[in-house]
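*Asks:* From the sequence below, what's the structure:
(chains A and B)
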Amino acid sequence: MLFDTEIFQITLLSLQVSALATLISLLIGLPFGTWLALGNFRGRSFMLSIVNTGMALPPVVVGLVVAITLWRSGPLGGLRLIYTPMAIIIAQTIISAPVVMGLTAAALESLDPRLQQQLLGLGASRPQMIWMLWREARLPLLAALMAGFGSVISEVGASMMVGGNIRGQTRVLTTAIVLETSRGEFDKALALSALLLTLTYLINLALTLIQQRGQKK
Amino acid sequence: MSELISIHNLLIQRNGRDALRIKSLDIKHGETLAIVGPNGAGKSTLLLALAHLIKPAHGEIIFNGKPISHMNDLEYRRKISFVFQDPLLMDMSVENNIALGLKFRGTDKDEMHSRVLRWSKAMGVESLLGRRAGQLSGGEAQRVSLARAFILDPELLLMDEPFSAVDPPTRAQLLKELSSLLSQDHRTTVFVTHNLKEAAQISHRVAVIINGELKQVGTPKEIKTNPADKSVKDFLKEL
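*Replies:* Below is the predicted model of the structure:
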């Protein structure tokens, strides 16, 4: 039976793991997506198509690849990360980074291309220009963040494969729901699902409010 | 008057083809030079090259005696200012839009505030300072865009058909105000337009560009009375 403290621990781990994976995805996706959107180099369209394909990466496939890599006999087995929260963070980052990257590139590409020339013509340095473009595209960029978080808080395949759903260590809300369902404990599974939905709603509500405030400013 | 800009044997290529060729063109300190020509002639390309936003395939643009290719891009661009056809204002208040270039230069807040007041008054937008850019009419937005350019006190002002997106009465009014401002200010300006009448109203000299080639440079009267060749004559007929 699940106790309150255990539910609290599972919820906290879910939030920690997904928030950290989203943050790392943002740190990778924002600069790389910007480079893809503003760059003018050979192979750019090919790279964009790869990133866009990455936005639809099946979590279970990511889980399989990360599990093979982190498996004791795998290339990174020596790090002993398999079945740890860090393994889940790695897998979730691989899932959400292309989402943040692709949506960042799309957000910046939707701006008037002359805006870059206008900012440079007003004496902006390149970092100042990029900062102003991010500012101008802040609403779709926030949507990219929401989509990145949404893609990992709700995934189960990768967390199950690389985390192992170990009680007290790597069990997160989605893997706990799968476990309770497989046990036939539908009431508990439904309660956990309601908790997951409520949390996701609250986080997205906060981000939406920030987004709306940005719109009115 | 000495030259602020000298162009020598300039060739600009875009998408693999020659977009603009200028053998020689000088722009004097304090002069307003209008660039006229049909659509796609290379007028905007010249402005982008003068702003060093596109690099020439060949030739040189000399600014105050120094080739701009030898200058640091940022250092050079902070001596000039660019006004585009559309105002391209940022999603922020009018005040912040006008102050944008000064912010890039790290100008002191008090100095920035007094310059914003001065130029918002000069452009008749002081009552709009607290408004969002998106709430402005086309004419108001273009006035803000002009204030944003003038506030930088540029050595060279580049304007790419700045009034083409506003209605004819506003356009006439803005042109009148700009013309009077430039005649008081003696700021070196390159002004792109389709309209020879507009060019005559605002500029000391006119340069005609057709099919990526500089065909003629002269006073508006010289261009009208003595077109350099048939292509200039035909262009003038179409106006």
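
*Asks:* Just list the residues touching the nearest residue in space to B:Gly134 that is not next to it in sequence, thanks.
*Replies:* Using Cβ to Cβ, 6 or more residues apart in numbering or on different chains and skipping residues adjacent in sequence, the residue nearest B:Gly134 is B:Asp91, 6.5 Å away. Where C-beta positions appear, they are placed from N, C-alpha and C, glycine not excepted. By Cβ atoms under 8 Å, 6 or more residues apart in numbering or on different chains, the residues touching B:Asp91 are A:Arg135, A:Glu136, B:Arg132, B:Ala133, B:Gly134.

*Asks:* a helix runs through B:Asp91, doesn't it?
*Replies:* No - counting by DSSP: H, G, I helix; E, B strand; the rest coil, B:Asp91 is not part of a helix but coil.

*Asks:* distance of it from B:Ala133?
*Replies:* 6 Å (Cβ to Cβ, to the nearest Å).

*Asks:* try A:Thr208
*Replies:* 24 Å.

*Asks:* more neighbours, these two?
*Replies:* B:Ala133 (20 against 14; other Cβ atoms under 10 Å in any protein chain shown).

*Asks:* B:Val125 versus the more buried one, what's the distance?
*Replies:* B:Ala133 is 11 Å from B:Val125, by Cβ to Cβ.

*Asks:* try A:Ala191
*Replies:* 59 Å.

*Asks:* about what we covered before: go through the contacts of B:Asp91 and name the one nearest A:Ser25.
*Replies:* Distance to A:Ser25, by Cβ to Cβ, is smallest for A:Arg135 among the contacts of B:Asp91, at 20.4 Å.

*Asks:* Spell out which residues belonging to chain B are near chain A, please.
*Replies:* Neighbours of chain A within chain B, by Cβ under 8 Å from any Cβ of the partner chain: B:48, B:51, B:53, B:74, B:77-78, B:80-82, B:84, B:86, B:88, B:90-92, B:100-101, B:104-105, B:132, B:148-149, B:152, B:158.

*Asks:* about what we covered before: can you give me phi and psi for the residue nearest to B:Gly134?
*Replies:* phi -80, psi 80 (degrees, to the nearest 10).

*Asks:* Equivalent analysis for A:Leu38, please.
*Replies:* Dihedral angles (degrees, to the nearest 10) for A:Leu38: phi -100, psi -20.

*Asks:* again, but for B:Leu33
*Replies:* When read as degrees, to the nearest 10, the backbone of B:Leu33 gives phi -110, psi 120.

*Asks:* Ok, the one 5 residues further on next?
*Replies:* Backbone geometry at B:Pro38, expressed as degrees, to the nearest 10, gives phi -70, psi 170.

*Asks:* Touching, it and B:Glu238? I think so.
*Replies:* Yes - taking contacts as Cβ atoms under 8 Å, B:Pro38 lies within contact range of B:Glu238: 7.4 Å.

*Asks:* So for these two, which residue has more residues nearby?
*Replies:* Neighbours per residue (other Cβ under 10 Å) separate B:Pro38 from B:Glu238, with B:Pro38 holding more: 17 against 7.

*Asks:* Can you check the pLDDT for the closest residue to that one other than its chain neighbours?
*Replies:* Among residues not flanking B:Pro38 along the chain, B:Phe235 sits closest, at 6.1 Å (Cβ to Cβ, 6+ apart). Looking at B:Phe235, its pLDDT reads 90.

*Asks:* contacting residues around the closest residue to chain B within chain A?
*Replies:* Nearest residue of chain A to chain B, counting by Cβ to the nearest Cβ: A:Gly121, 3.0 Å away. Residues counted as contacts of A:Gly121 (Cβ under 8 Å, 6+ apart) are B:Ala51, B:Leu53, B:Arg77, B:Ile80, B:Ser81, B:Phe82, B:Phe84, B:Leu158.
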